[in-house]
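> sharing a model prediction with you, sequence too.
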Amino acid sequence: MFGNFTYCNPTKLYFGSASLDNLSRELPKYGPNVTLIYGQGSIQKNGIYDTVLDLLRRSGKTVAEIAGVMPNPTLDKLREGVAIARDHNTDLLLAVGGGSVCDYAKAVAVSVHCPDDPWETYFVRFEEPTCPIVPVGCVLTIAGTGSEMNAGAVITNTETHQKIGHVFASEDVMPRFSILDPTYTLTLPHDQMAAGIYDIFNHICEQYFSGEDDSTSDYLSEGLMRSLLHASRIANRDPQNYEARSNIMWTATWALNTLISRGKSTDWMVHMLGQAVGGYTNATHGMTLSAVSLPYYRHILPYGLAKFKRFAVNVWDVAPEGKSDREVAEAGLAAMEAWMQELGLVMKLSDLGVTEGMLECLADGTVVLPGGYKPLCREDILHIFRESLA
Ligand code: NZQ
Ligand code: ZN
């Protein structure tokens, strides 16, 4: 490994069926005022809301609520939640839901005691919080983002059509604890399960497709990808399979809890392209990634050929004998495409409502990061978007 790094991840995890019981062990560590944060109704339908509220009441907590956090949480909603959490003098923000709810809780956490505008401070200027950060706890109900064990928060500004993520440097933004019960994910609609699976896979790719050194992080990544492929095929056929869903949930956490990025420059351009699409369409995060991935990877393949060949052999079991390096690498991407189709992922931007007329705006909204095999210019970005429209 060539890169120097620090590694610290303070999030305590409780994993497995009935792991919500552990909430009672965590709650006494915080003051009396809890703000419960959740989405648009799934936790009320499946009963998690009642159980959590009961545990909070039995622990003597005074509870305020921020309800209705939407997928791809917005700046307006953030402002509303900050006011609620402030009024409640909140000691703990308890997020119960998916990446959107968990990200949102972190954005509230850094904004409650911040005198300045949160959008300008954290999502335009990318400042680190200098104010006290309210502790966040998470009860996860969908596997995908890794938000349960990282310091990332993605917020959408619907006025400017910008969807921007800030991965905070401060470990205090990471959830203090996260509760991961795979049985909660069994009520997910199939498209959300599939989108989450692809999000996990792409998080690993974003870190894997960078650098040319011999990196332990890459071997870990290949193991995670193989486990995910195996579990995803089982879950796709049999969504109620607990073992597969538990492996998917655990892989999601390790895919983006900072471990496999250690020593790596990391790419993240699929996410930058996908976020630009999300800012204009409000589409499901994992589906924005699946729509742009293959055009992107086919575009950069010549610049990272050795790694794409390794990906084909070590992740997709492509036999290299009798093939050129390029043929092996392309066979790897073809295998990935077949798997994505098997999962029923969105493969075209046109299926997300994107039209040719929107492409210049999408290119304007794409942040270019330098860590991958080919730094993209505007023409590259437009080419990739066009390939995904065709
Ligand atoms: O709102 P409710 O009713 O809860 O419904 C949600 C939502 O409609 C539903 N859902 C969640 N758990 C369920 C369920 N439905 C039935 N049963 C359950 N158990 O699923 C829908 C999607 O939820 P959401 O939280 O939006 O999904 P996800 O976890 O994929 O989060 C996406 C957000 O996370 C950001 C994305 O950009 C997007 O805003 N990301 C966060 C990252 C991070 N913190 O590191 C990294 C990611 O790359 C990503 O950008
Ligand atoms: Zn993602």
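Looks like it came in fine. Ligands and ions are numbered 1, 2, ... in the order given.
> C-alpha only now, for contacts and for neighbours.
Noted.
> chain neighbours aside, what residue packs nearest to the one residue sitting closest to the centre of the chain?
The residue lying closest to the centre of the chain (CA atoms, centre = their mean) is residue 145, at 2.4 Å. In space, residue 145 comes closest to residue 99 once its chain neighbours are excluded; the distance is 5.6 Å by CA to CA, 6 or more residues apart in numbering.
> list the contacts for the residue nearest to the centre of the chain?
98, 99, 196, 199, 200, 252, 253, 256 (CA atoms under 8 Å, 6 or more residues apart in numbering).
> include distance to ligand 1 and pLDDT when you put those into a markdown table, please.
A markdown table is the format used below for the contacts of residue 145 (distance: CA to the nearest ligand atom, whole Å; pLDDT from 0 to 100):
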| residue | distance to ligand 1 | pLDDT |
| --- | --- | --- |
| 98 | 3 | 98 |
| 99 | 3 | 98 |
| 196 | 5 | 99 |
| 199 | 7 | 99 |
| 200 | 8 | 99 |
| 252 | 10 | 99 |
| 253 | 10 | 98 |
| 256 | 7 | 98 |
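> now the helices for the stretch 101-250 of the chain?
Using DSSP state H, counting those that start in this stretch, the helices of the stretch 101-250 of the chain run over 118, 190-208, 216-237, 242-255.
> so which of these gets nearest residue 81?
With respect to residue 81, and counting by CA to CA, the nearest of the helices of the stretch 101-250 of the chain is helix 118 at 11.9 Å.
> so how far is that closest one off the chain centroid?
Relative to its parent chain, helix 118 has a centroid offset of 21 Å by CA atoms, centre = their mean, to the nearest Å.
> do the same with stretch 109-117
Centroid separation between stretch 109-117 and its chain, computed with CA atoms, centre = their mean, is 23 Å.
> so does that stretch get close to ligand 1?
No. Counting by CA under 6 Å from any ligand atom, ligand 1 is not contacted by stretch 109-117; separation bottoms out at 13.6 Å.
> tell me the average confidence for that stretch?
Mean pLDDT, stretch 109-117: 98.
> can you start the count at 3 instead of 1 from here on
Done: numbering now begins at 3, and the last item shifts to stretch 111-119.
> mind listing what's buried along it?
Residues 111, 112, 113, 114, 115, 116 are the ones in stretch 111-119 that count as buried (16 or more other CA atoms under 10 Å).
> ok, now stretch 119-130?
Going by neighbour count (16+ other CA under 10 Å), the buried part of stretch 119-130 is 120, 121, 123, 124, 125.
> dump stretch 290-306 to CSV, restricted to CA.
Presented in CSV, the C-alpha positions along stretch 290-306 are these (Å, rounded to 0.1, in the frame of the first residue of the first chain):
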residue,chain,number,x,y,z
THR,A,290,-28.9,6.7,-11.0
LEU,A,291,-25.7,4.8,-10.4
SER,A,292,-26.7,1.7,-12.4
ALA,A,293,-27.8,3.9,-15.3
VAL,A,294,-24.4,5.6,-15.7
SER,A,295,-22.0,2.8,-14.6
LEU,A,296,-21.4,0.8,-17.7
PRO,A,297,-20.9,3.8,-20.1
TYR,A,298,-18.5,5.2,-17.5
TYR,A,299,-16.5,2.0,-16.9
ARG,A,300,-16.4,1.2,-20.6
HIS,A,301,-15.1,4.8,-21.2
ILE,A,302,-12.3,4.6,-18.6
LEU,A,303,-11.4,0.9,-19.2
PRO,A,304,-8.4,1.6,-21.4
TYR,A,305,-6.8,3.8,-18.7
GLY,A,306,-7.1,1.2,-16.0
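> buried residues in that stretch?
So, applying 16+ other CA under 10 Å, buried residues of stretch 290-306: 290-299, 301-303, 306.
> with adjacent residues omitted, what lies nearest to residue 14?
residue 179 is the one closest to residue 14 (CA to CA, 6+ apart), at 4.5 Å.
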